[in-house]
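A.B. asks: The sequence isn't on hand, but the structure is:
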């Protein structure tokens, strides 16, 4: 049986969909069979992030019982499989998202990983996306606004008897006002930090191409792509084979507590040399 | 690195020019909120578990009945009446609308929710309507506890 993991945040705009798309591809690049499901039945955009435009049969049709789930599975980049959600508002109104769990269960044996991109918020569709999984990864930004929503989502996952696996901190810029990883973990009841993804212009640019290409494919050595590949390595339990240890340290350094002035001067020259 | 790059780096790294600050009061408030939301459901006492579930899911009462209306467990004082009402109401609706999965009734601003699960009826009252998924989660947790209790007794 494969692992079913929902990526969920509560707050919108924290980069949940980008991380789901890139994480799925990073896992697939390691030879792991991955199915991505756009569980955001109201505001679907995972297919656009994967650079796919045409998907005549979607999750909406499957949830309505009007199509077979196998017909809604498409080939994505790097061998990843993908079930898009429909874009129509009428379809959204008619779907019963609570059927998602049985659909996921029927596919669990065929894949090593099923990743669900959950909607933002805390309403029924979010609960359906969480309940369809065995584990949940909370995506948050290092600020109190998104952390407040992440706390509520963690509580919702616990209510639905789904294990919160850990936290992915996205858009780390290393500013003084940002919450550090250990503070985020403490506020989420010592939930482990699963991944630290720095802010990276390359991630943003990946979706501004004629045909969008997720950053792990377009710029695999960029800061965010390296962090996501580290996350994939951790999830799959396979060693990381990209970048250098120096790059790894640079990324993780973004979440370290502030240093003293002398350490910063020495650090500046060290960084200058690299 | 050019000369302007060196100055920029000096300003950022050494002089630490960064006008942001950690909102400590907000962090404290979040810490307090988090601390209040811990629920230990790992208890062998069914009554205690139901009390915890009531707080965890923010509901007013939970009753578990057999499908004939007899009470198995309850968090309120009117359990017999509640269990008979819940099971008979569900049976009536199911006879009119076969394959009904759950029943939600809004009564005087509050919700009465009926969910049959594993040959039992779960009757939940709450100020807001829960999703069927959350009702099932309550049923599953209670089901596990009931099975543990039965196994212990036998």
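C.D. replies: Received the coordinates, thanks. Worth saying up front: this structure is predicted, and the values here are computed from it rather than measured.
A.B. asks: Could you grab the helix/strand/coil label for residue A:165?
C.D. replies: Going by DSSP: H, G, I helix; E, B strand; the rest coil, the secondary structure assigned to residue A:165 is strand.
A.B. asks: beta partners for the closest residue in space to residue A:5 that isn't next to it in sequence?
C.D. replies: The shortest distance from residue A:5 to any residue other than its chain neighbours is 4.9 Å, reached at residue A:135 (C-beta to C-beta, 6 or more residues apart in numbering or on different chains). Where you see a C-beta, it was placed from the backbone N, CA and C, and this is true even at glycine. Using DSSP bridges, the bridge partners assigned to residue A:135 are residue A:5, residue A:163.
A.B. asks: just checking, residue A:220 touches residue A:232?
C.D. replies: No. Proximity of residue A:220 to residue A:232 does not meet the contact threshold set by C-beta atoms under 8 Å, at 11.5 Å.
A.B. asks: Show me where chain B has its strands.
C.D. replies: Along chain B, the stretches classed as strands by DSSP state E are B:61-66, B:71-74, B:103-107, B:110-117, B:120-126.
A.B. asks: repeat for chain A
C.D. replies: Listed in chain order, the strands of chain A (DSSP E) span A:3-8, A:34-38, A:74-75, A:81-83, A:113-117, A:135-140, A:163-172, A:193-198.
A.B. asks: strands paired with the fourth one, and their directions?
C.D. replies: Listed by DSSP bridges, the sheet partners of strand A:81-83 and their directions read strand A:34-38 (parallel), strand A:74-75 (antiparallel).
A.B. asks: can you list these in CSV and add distance to residue A:19, mean neighbour count and mean pLDDT?
C.D. replies: Converted to CSV, the strands paired with strand A:81-83 look like this (distance: least, C-beta to C-beta, whole Å; neighbours: other C-beta atoms under 10 Å in any protein chain shown; pLDDT from 0 to 100):
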stretch, distance to residue A:19, mean neighbour count, mean pLDDT
strand A:34-38, 11, 29, 97
strand A:74-75, 20, 14, 94
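A.B. asks: List the contacts of the closest residue to chain B within chain A.
C.D. replies: When scored by C-beta to the nearest C-beta, chain A has residue A:177 as its residue closest to chain B, at 2.9 Å. The contact partners of residue A:177, by C-beta atoms under 8 Å, 6 or more residues apart in numbering or on different chains, come to A:143, B:18, B:20-23.
A.B. asks: Could you find the closest non-adjacent residue to it?
C.D. replies: On the basis of C-beta to C-beta, 6+ apart, the spatially nearest residue to residue A:177 that is not a chain neighbour turns out to be residue B:20, at 2.9 Å.
A.B. asks: Count the residues that sit near the one you found.
C.D. replies: Residue crowding around residue B:20 was assessed by other C-beta atoms under 10 Å in any protein chain shown; the count is 11.
A.B. asks: just checking, it touches residue A:175?
C.D. replies: Yes. With the criterion set as C-beta under 8 Å, residue B:20 and residue A:175 qualify as a contacting pair; they are 4.5 Å apart.
A.B. asks: In contact with the spatially most central residue of chain B, which residues are there?
C.D. replies: The residue lying closest to the centre of chain B (C-alpha atoms, centre = their mean) is residue B:57, at 2.6 Å. Under the criterion of C-beta under 8 Å, 6+ apart, the contact list for residue B:57 reads A:159, B:126, B:130, B:134, B:137-138.
A.B. asks: Which one (most neighbours) among those?
C.D. replies: Neighbours were tallied for each of the contacts of residue B:57 (criterion: other C-beta under 10 Å), and the maximum of 26 neighbours falls on residue B:138.
A.B. asks: ok, now which ones touch that one?
C.D. replies: B:53, B:57, B:59, B:62, B:122, B:124, B:130.
A.B. asks: for residue B:140, same thing?
C.D. replies: Under the contact definition (C-beta under 8 Å, 6+ apart), the residues listed for residue B:140 are A:161, B:117.
A.B. asks: Now do the phi/psi pair for the residue of chain B found nearest chain A.
C.D. replies: Closest to chain A within chain B is residue B:20: 2.9 Å, counting by C-beta to the nearest C-beta. Main-chain torsions, residue B:20, degrees, to the nearest 10: phi -80, psi 160.
A.B. asks: pretty sure residue B:112 is touching residue B:122, no?
C.D. replies: No. Using C-beta under 8 Å, residue B:112 is not in contact with residue B:122, being 11.5 Å away.
A.B. asks: Leaving out chain neighbours, which residue sits closest to residue B:56?
C.D. replies: Counting by C-beta to C-beta, 6+ apart, the nearest residue to residue B:56 once its immediate chain neighbours are dropped is residue B:39, at 4.3 Å.
A.B. asks: Kindly state the pLDDT recorded for residue 125?
C.D. replies: As the question left the chain open, I've gone with chain A. The predicted local confidence for residue A:125 comes out at a pLDDT of 89.
A.B. asks: that's the other chain; I wanted chain B
C.D. replies: As predicted, residue B:125 sits at a pLDDT of 95.
A.B. asks: cool, and residue A:249?
C.D. replies: Looking at residue A:249, its pLDDT stands at 51.
A.B. asks: same thing with residue A:119?
C.D. replies: Per-residue confidence at residue A:119 stands at 93 (pLDDT).
A.B. asks: Just list the residues touching it, thanks.
C.D. replies: For residue A:119, the contacting residues are A:39-43, A:125-126, A:129, taking C-beta under 8 Å, 6+ apart as the criterion.
A.B. asks: Between these, which sits nearest residue A:153?
C.D. replies: For the contacts of residue A:119, the minimum distance to residue A:153 (C-beta to C-beta) is 7.6 Å, reached by residue A:126.
A.B. asks: Residue A:41 versus the closest one, what's the distance?
C.D. replies: Using C-beta to C-beta, to the nearest Å, one gets 10 Å for the distance from residue A:126 to residue A:41.
A.B. asks: which bits of chain A sit near chain B?
C.D. replies: For chain A, the residues found near chain B under the criterion C-beta under 8 Å from any C-beta of the partner chain are A:98, A:101, A:124, A:127-128, A:131, A:144, A:147-148, A:151, A:155, A:158-161, A:175-179, A:183, A:186-189, A:258, A:261, A:264-265, A:267-268, A:271-272.
A.B. asks: So among the residues you listed, which ones count as buried?
C.D. replies: The neighbour-count test (16 or more other C-beta atoms under 10 Å in any protein chain shown) marks A:98, A:101, A:124, A:127-128, A:131, A:144, A:147-148, A:151, A:155, A:158-161, A:178-179, A:183, A:186-189, A:264, A:268 as buried among the residues of chain A next to chain B.
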